[in-house]
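Asks: sharing a model prediction with you, sequence too.
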Protein chains: 2
Amino acid sequence: MLTETIPAYLTALDSTMRALLGEIMQHDEPGFGVMLRYALGWSDDNDVPYQHPTGKRLRPILLLLTAGERWPEALPAAAAVEFLHNFSLIHDDVQDDSPTRHSRPTVWKVWGIPNAINAGDALFTASYAALASLSRTLPAEQVVGLWHIFNATNLELTRGQHLDMRFEHQTGVPVEAYISMIKGKTAALLSACARMGALIGGSPAAALPHYAAFGLNIGIAFQIRDDILGIWGDPAVTGKSAATDIISRKKSFPVLYGLSHSSDLAGLYARAQFSAEDVRQAVALLDAVQAKDYSRQQETIYYERAMNALHVAAPSAAVADGLRAFVDLLFQRSA
Amino acid sequence: MLTETIPAYLTALDSTMRALLGEIMQHDEPGFGVMLRYALGWSDDNDVPYQHPTGKRLRPILLLLTAGERWPEALPAAAAVEFLHNFSLIHDDVQDDSPTRHSRPTVWKVWGIPNAINAGDALFTASYAALASLSRTLPAEQVVGLWHIFNATNLELTRGQHLDMRFEHQTGVPVEAYISMIKGKTAALLSACARMGALIGGSPAAALPHYAAFGLNIGIAFQIRDDILGIWGDPAVTGKSAATDIISRKKSFPVLYGLSHSSDLAGLYARAQFSAEDVRQAVALLDAVQAKDYSRQQETIYYERAMNALHVAAPSAAVADGLRAFVDLLFQRSA
């Protein structure tokens, strides 16, 4: 079923995003809008149009699926969440000192940090303007309701980003604190997508918190699954080297669990650099404390919370089918 | 008259800003909200509350004056523009590599660039959340109208910031391009304040563009006046050293005019550094091409446009008196 709807969504989303950004940036300046078009994968760094393979547009797809039959009306909201996601990537790449994204130099790497900050601010504003454009078709009360959701989500994003940066320099981060971080950094926006889609789709007000819980918990489960794949994923499936998150010393969910359950692992992580043997040993120590099993259990707990919330939200059969297929798609990579 | 209203505005504004930020940041984290409170002058860098003298809150005052009798209803909008202004300062200070503001280290200087970017993003979101909180008291249509104004203004701010950064590395910036830059960077937000205040104050829709033109033109005139003072201002009045903008080689309005009318001045500005004699010579060359007179003429043109627009907007006698007194206050520093 998704094999038919997703291509239709993506085509309509692309048109909507281009039309809205064109309107929003109608007073463009040399060297200004190009940074946004580049970040969105629409042009190269000389503003020559091309289509660069970027993200999977998971967030707008989730929003449109949740809106059900009214998905065409929800397109500006879908554009807004995708602009927002890309704004956060522009700033993240500065904050993380990341030189590449999607196999291209990051915005700050091409235009410098001051311009990247400003391009991010412009795309952040564009995300609000895209959402506000819904006032052309939806009642003002509904648009204001969407705005409130968007504000709370963006505050959660900055809170999650704050914790993520803070944890880098902190030893002994409890897994609960990590969950709080990914709630903000990853899950809040998925939660908002489900809630906003349901709101535009005409779901009863009482169902909206359940859609939000669905999105939030599926986001947490997805991040834990991603963290498991970062250590034990099959390189042939993930497209990354084995134990990539150990090599990069990322404090992911299984690693934080391992650090609090194995003093040997904590001792290993006190080292400045890892040899290939250290990487093997780290994985062995994680296995010894059943870090993978624990992470899978936790993934399952959040996954089931998500599916229960979806059940309680009681979407139409078509929306329920679409969302379940979306979840299957999200989790299809095997560990 | 302003001697009575402004203190009342500032007290109510401070309470509103604190109450709104407290609500918005209800899920604070260690080291997170402190950056915002510090930027707003409410605490030191250890989050110990104190009152640091910060900006003059000119933007919210303009907004509240324009709202007239309904100014108490406009307080959340006034808080929004002040949050927005402070967000832009946090990011500006990173972009300009500025180590101090209001005699304190800037946010990035205390917490580093990644945190300053994130603190700015959080305060940007807080400005939207403050504005959206008007939905508690105002009709949704009106709140959406304010949101549209806010979005367009923020895009103008990023456009102006882009031009400002671009002009630093550009020779031969025409004064018209400079005006376009300050429209975005300085005047757009003053324009929005007048328009939003008038909207909340109940002005007829047809009057709103005239309030916007009043704010825009007064902002341009004010920036040109500031640029004149940066070269010819009396140090005893401005609190800055004489010819401070020449020493810092700022491409301000009179300098850009001078550069396009004096090849000697252009030659001087090609030098890597200025001696005290170079500074004196630069001022003499500016005087030789009547750069001060030209700048004053232009200041007067925008000032008169602003006052004409205010006349056409036809505010009540009380609002007109308040706004004229505000303009007098803005321009009281003598050149």
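Replies: Nice, thanks for sending it over.
Asks: near chain B, which residues of the stretch 1-150 of chain A?
Replies: A:24-25, A:27, A:29-32, A:91, A:94-96, A:113-115, A:117-118, A:120-122, A:124-126, A:128-129, A:132, A:135, A:139-141, A:143-144, A:147-148, A:150 (C-beta under 8 Å from any C-beta of the partner chain). C-betas here are computed from N, CA, C, even on glycine.
Asks: among those residues, which are located in helices?
Replies: Members of those lying in helices (criterion: DSSP state H): A:24, A:91, A:94-95, A:113-115, A:117-118, A:120-122, A:124-126, A:128-129, A:132, A:140-141, A:143-144, A:147-148, A:150.
Asks: could you turn the buried ones of those residues into a ChimeraX selection?
Replies: Selection of buried members from these for ChimeraX, criterion 16 or more other C-beta atoms under 10 Å in any protein chain shown:
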select /A:24,91,94,95,113,114,115,117,118,120,121,122,124,125,126,128,129,132,140,143,144,147,150
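Asks: in the stretch 151-300 of chain A, which spans are helices?
Replies: In the stretch 151-300 of chain A, helices defined by DSSP state H, counting those that start in this stretch lie at A:175-182, A:188-201, A:208-232, A:235-238, A:244-247, A:253-261, A:263-269, A:276-288, A:291-313, listed in chain order.
Asks: nearest to chain B among the ones you listed would be which one?
Replies: helix A:175-182 (8.4 Å; C-beta to the nearest C-beta).
Asks: list the buried residues in the closest one.
Replies: A:V175, A:Y178, A:I179, A:S180, A:M181, A:I182.
Asks: tell me the centre residue of chain A?
Replies: A:T186 (4.8 Å; C-alpha atoms, centre = their mean).
Asks: thinking that one is in contact with A:R225, fair?
Replies: No - contact criterion C-beta atoms under 8 Å: A:T186 and A:R225 do not qualify, at 11.4 Å.
Asks: quick one: distance of the helix-or-strand element of chain A with minimal mean pLDDT to the chain centre.
Replies: For chain A, the helix or strand with the lowest mean confidence is helix A:235-238, at a mean of 76 (criterion: mean pLDDT, DSSP states H and E). How far helix A:235-238 lies from its chain's middle: 21 Å, per C-alpha atoms, centre = their mean, to the nearest Å.
Asks: any regions of chain A where pLDDT drops low?
Replies: Low-confidence segments of chain A (pLDDT under 70): A:333-335.
Asks: how is it carved up into domains?
Replies: Here the domain assignment for chain A is A:1-137, A:175-335, based on automatic domain parsing.
Asks: do me a favour and get the end-to-end distance for the shortest one?
Replies: Same thing as domain A:1-137. 28 Å (C-alpha to C-alpha, to the nearest Å).
Asks: what is the distance between it and the centre of its chain?
Replies: With C-alpha atoms, centre = their mean, you get 13 Å for domain A:1-137.
Asks: ok so, going back, state the distance from the residue nearest to the centre of chain A to chain B.
Replies: Distance, A:T186 to chain B, using C-beta to the nearest C-beta, to the nearest Å: 16 Å.
Asks: same question, A:A270
Replies: Using C-beta to the nearest C-beta, A:A270 is found at 23 Å from chain B.
Asks: and that residue, how many neighbours does it have?
Replies: 8 (other C-beta atoms under 10 Å in any protein chain shown).
Asks: right, and A:L330 touches A:I218 too?
Replies: Yes - contact criterion C-beta under 8 Å: A:L330 and A:I218 qualify, at 7.2 Å.
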